[in-house]
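Student: I'd like to go over a predicted model; first the sequence, then the structure.
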Amino acid sequence: MNPAANHAALRPATLAIAALFAFIILAQGIGAPFQKDAEPQSAEWIQSIVRDGHWLIPHDAYGYTDRKPPLFYWLSAVIADASGRTVDEVRARAVSVVAGTALATAVLAWTVANVGASEGWLAFMLILGTYGFASRATEALTDMLLTFLLFAAYSAIFPLLESHGSLRRKVFVGVMLGLGVLTKGPVAIVLCALAASIFLLIERRNPLAILRHRWPWQVVAIAIAIGAIWYVPAAIVGGHKIVRIIFAENFGHFMPVKLGGTGESYRPFYFIAARLLGGAFPMTILILPAALAFYTGEISVEKRRAVIYQISMSLAVLLFFSIASVKRDDYILPALPGIAILCASVFTLETRGLASKLRDVLVAAVVFGPIFVILYVSFFAPQVNLQSSDSAYYALFKSIGWTSPVSDFFDVWLVAVTIEVLVLSRLSRRSGIGGGIAFGLTALVLCLFWTMTMRPRLAAERSVKSFAPIVADHVKGDQLCIPSGINYELSYYYGNAVPDLSNKNCAYLLATPRELDAMTPEYRARLKLIAKSNLIGGGGPPALFEISSEAAK
């Protein structure tokens, strides 16, 4: 907390209630089936720890080594081991839900203490109502845990930039960054340093002057010491193979291919900015009036500094990963808390100027826009051309029965929004708190609808979880194969690694229509259809085939 701020901290009981609310919101959809490769592979690494005791260097079902530092997998393994030694979707995602809950609560506490009570609660609502945040709280990936540790460390650095601070604070920052290193590598230290440097440059201060103090070196030393707990033993036991993996994950993903980078997941320079604008929706539409409020001076001076400090982390994430060679959707997550705090501040402006008027227009569009969209799609069901996942979501949305509990859910929401707009906005017209509550409530309800209903249903329609037992019942002790590559989703639910057709013992084949089209007609003629799924996906529904002895050759 900022010692210069004149804001009261929240009571522990209040924070506990807020944390419980956040946990309930974020836990929706935690039991949805795994899709694609990332989450099932993480689950297999957790299985490697729980089942085989590979705490130092876990392996997946195909024998490939864990490419990430193991803190997330250690914590997940502890949860699985203490609750029946079973690694399922809920246990694999539990750490992310807890980290997301802690992060949302930390955003609330820090904003109340350093910006204001209204801004804190609005930021809390906004971040919970952001699909890019809420959806990642139920993913068996390291990003949510890293984001929480990063936010905790970076927020605690704020007072250190003005004074040397207490020893306890320095140790806290060092421990948080060290745990961040154990979660995803030295990128935790780099992002904190870059964000603090951006903040100091905005304040027209020299970032290098901070290096004359002892505390940055003390913090980094503690973080490196904690990170060495795993890095050193892993390098000794794993040898050159692990060292190459560590180098590729920490440096190869950032450097361009010409300078030794891995070159995987290449995307254009603007990819992170585009994903950030989409992933932080609907908060992102408030960035423009927030920036305008800073320019026109509508935001108070005492709040401005704390808001700039947190948005500096968002700028650091945008800059660092835009330059990096590898760019992925998950990289935007550490930028979302700062955006939530920035957008919350736009509802408590001192004067009603151009920024306030623009804010009110955008709030009205967000509050009333979904109502017209929902009604239009429900009654007219227009045909539109969308990409694969968007098209699947659209078809699922049209298929929902509006006499179900979902309809009642939206009825309550419509009534609540109407009350907020007609009553609260009128009572607090100058501050805009009513509009902020209506905006946050709309975002929260729509996000909850997506994570609670749409996302789990789509996952159930696309995942091989329901088809894997049928496949296992037919295959029994014979060898199941896939056309090519590696399929972690299948291997997780099947219970064993599934090789490709280069395996000489292949007796059964699981393939999609697209994969079958890539085979020769002679080979397809020797495949006998055993069972066909009704799953959806880009390649079509997978089916199980028996391979004749001639085809196996």
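Tutor: Yep, it's here. Numbers count the residues shown, from 1 in each chain.
Student: you'd agree residue 105 is in a strand?
Tutor: No - Residue 105 is assigned helix when assessed by DSSP: H, G, I helix; E, B strand; the rest coil, not a strand.
Student: just checking, what's the longest helix in this protein?
Tutor: For the chain, the helix with the greatest residue count under DSSP state H is helix 215-247.
Student: Residue ranges in the protein under the pLDDT threshold?
Tutor: Applying pLDDT under 70 to the chain flags the ranges 1-8, 66, 164, 244-267, 325-327, 350, 371, 373-431, 550-553.
Student: Chain neighbours aside, what residue packs nearest to residue 294?
Tutor: The shortest distance from residue 294 to any non-neighbouring residue, by Cβ to Cβ, 6 or more residues apart in numbering, is to residue 304 (6.8 Å). C-betas here are computed from N, CA, C, even on glycine.
Student: Can you report how many residues lie near that neighbour?
Tutor: Residue 304 is flanked by 15 other residues according to other Cβ atoms under 10 Å.
Student: which SS class is it?
Tutor: Judged by three-state DSSP, the three-state class of residue 304 is helix.
Student: Can you give me the buried ones in stretch 281-288?
Tutor: Within stretch 281-288, the residues scored as buried using 16 or more other Cβ atoms under 10 Å are 282, 283, 284, 285, 286, 287.
Student: My read is that residue 322 contacts residue 270, right?
Tutor: Yes - using Cβ atoms under 8 Å, residue 322 is in contact with residue 270, at 7.5 Å.
Student: These two: who's more crowded?
Tutor: Set residue 322 next to residue 270 and count neighbours by other Cβ under 10 Å: residue 322 wins out with 17 against 10.
Student: With adjacent residues omitted, what lies nearest to the more buried one?
Tutor: residue 272 (4.8 Å).
Student: swap in residue 343?
Tutor: In space, and not counting its chain neighbours, residue 343 is closest to residue 286: 4.0 Å by Cβ to Cβ, 6+ apart.
Student: Looks like the one you found contacts residue 349 (just checking).
Tutor: No - with contacts counted by Cβ under 8 Å, residue 286 stays clear of residue 349, the gap being 11.9 Å.
Student: Now the common contact residues for the two.
Tutor: Common contacts of residue 286 and residue 349, defined by Cβ atoms under 8 Å, 6 or more residues apart in numbering, comprise residue 359.
Student: ok, the closest residue to residue 296 other than its chain neighbours to residue 316 distance?
Tutor: Sequence neighbours aside, residue 353 is the residue nearest to residue 296 in space, at 5.2 Å (criterion: Cβ to Cβ, 6+ apart). According to Cβ to Cβ, to the nearest Å, residue 353 and residue 316 sit 30 Å apart.
Student: the more surrounded of these two?
Tutor: The residue with more neighbours, out of residue 353 and residue 316, is residue 316; 24 against 14, by other Cβ under 10 Å.
Student: Spit out the contact partners of the more buried one.
Tutor: Residue 316 makes contacts with 191, 194, 195, 198, as judged by Cβ under 8 Å, 6+ apart.
Student: Now the third one: which helix or strand?
Tutor: Counting by DSSP states H and E, the element that carries residue 195 is helix 187-202.
Student: Name the residues of that helix that are buried.
Tutor: 187-189, 191-200.
Student: just stretch 349-364 next, same as before
Tutor: Residues 349, 355, 356, 358, 359, 360, 362, 363 are the ones in stretch 349-364 that count as buried (16+ other Cβ under 10 Å).
Student: contact partners of stretch 106-126?
Tutor: Applying Cβ under 8 Å, 6+ apart, the contact partners of stretch 106-126 are 1-2, 5, 7-10, 15, 18, 22, 104-105, 127, 148, 151-152, 155, 158, 283, 303, 306-307, 310, 337, 340-341, 343-345, 347-348, 431, 433, 436-437, 439-441, 443-444.
Student: same thing with stretch 198-207?
Tutor: Contacts for stretch 198-207 (Cβ under 8 Å, 6+ apart): 161, 196, 197, 210, 305, 308, 309, 312, 315, 316, 319.
Student: Out of those residues, the closest to residue 221 would be?
Tutor: Ranked by distance to residue 221 (Cβ to Cβ), the contacts of stretch 198-207 are led by residue 210 at 15.4 Å.
Student: Now do the SS call for the closest one.
Tutor: helix.
Student: And for residue 504?
Tutor: Three-state call for residue 504 (three-state DSSP): coil.
Student: The chain should start at 54 in everything you say after this.
Tutor: Got it, first residue is 54 now, which makes that one residue 557.
Student: returning to that earlier point: pretty sure the residue nearest to residue 375 sits against residue 371.
Tutor: Yes - with contacts counted by Cβ under 8 Å, residue 325 reaches residue 371, the gap being 6.0 Å.
Student: ok, those two, which is more surrounded?
Tutor: More crowded of residue 325 and residue 371, by other Cβ under 10 Å: residue 325, with 25 against 16.
Student: ok, that one to residue 250 distance?
Tutor: Taking Cβ to Cβ, one finds residue 325 at 19 Å from residue 250.
Student: and what of residue 385?
Tutor: 20 Å.
Student: can you give me how far the helix or strand encompassing residue 390 is from the chain middle?
Tutor: Element membership for residue 390 (DSSP H and E) is helix 389-397. Remark: helix 389-397 is offset 16 Å from the chain centroid, using Cα atoms, centre = their mean, to the nearest Å.
Student: which residues of the stretch 54-203 of the chain fall in helices?
Tutor: Secondary structure of the stretch 54-203 of the chain (DSSP state H, counting those that start in this stretch): helices located at 65-79, 91-105, 124-135, 142-167, 170-181, 184-187, 196-210.
Student: Sorry, slip of the keys, the one I care about is the stretch 304-453 of the chain.
Tutor: Going by DSSP H, counting those that start in this stretch, the stretch 304-453 of the chain shows helices at 324-332, 340-349, 354-376, 389-397, 407-433, 441-452.
Student: for the stretch 504-606 of the chain, same thing?
Tutor: All helices of the stretch 504-606 of the chain, identified by DSSP H, counting those that start in this stretch, fall at 508-515, 521-528, 541-547, 566-570, 574-578, 602-605.
Student: if you compare those, which one is most tucked away?
Tutor: Compared across the helices of the stretch 504-606 of the chain, helix 541-547 shows the largest average neighbour count, a mean of 23 (mean count of other Cβ atoms under 10 Å).
Student: Show me what that helix is packed against.
Tutor: Applying 3 or more Cβ pairs under 8 Å, 6 or more residues apart in numbering; DSSP states H and E, one finds that helix 541-547 contacts helix 91-105, helix 521-528.
Student: Show me the contact partners of that helix.
Tutor: Helix 541-547 is contacted by residues 86-91, 93-94, 96-97, 113-115, 516-518, 521, 524-525, 533, 535, 550-551, 563 when judged by Cβ under 8 Å, 6+ apart.
Student: What subset of these is buried?
Tutor: Buried members of the contacts of helix 541-547, counted by 16+ other Cβ under 10 Å: 86-88, 90-91, 93-94, 96-97, 113-114, 516-518, 521, 524, 533, 535, 550-551, 563.
Student: how many other residues sit next to residue 77?
Tutor: 11.
Student: cool, and residue 117?
Tutor: Residues near residue 117, counting by other Cβ under 10 Å, number 16.
Student: and it, what does it touch?
Tutor: By Cβ under 8 Å, 6+ apart, residue 117 lies in contact with nothing.
Student: wait, residue 110 sits on residue 118?
Tutor: Yes - between residue 110 and residue 118 there is a contact at 5.7 Å, judged by Cβ under 8 Å.
Student: Can you check which residues contact both of those two?
Tutor: Here residue 110 and residue 118 have 291, 295 as joint contacts, going by Cβ under 8 Å, 6+ apart.
Student: Please identify the buried residues of stretch 553-567?
Tutor: Quick answer for stretch 553-567 (16+ other Cβ under 10 Å): 554, 559, 560, 561, 562, 563, 564, 565.
Student: Residue 596 versus residue 580, what's the distance?
Tutor: In this view, residue 580 and residue 596 are 9 Å apart by Cβ to Cβ.
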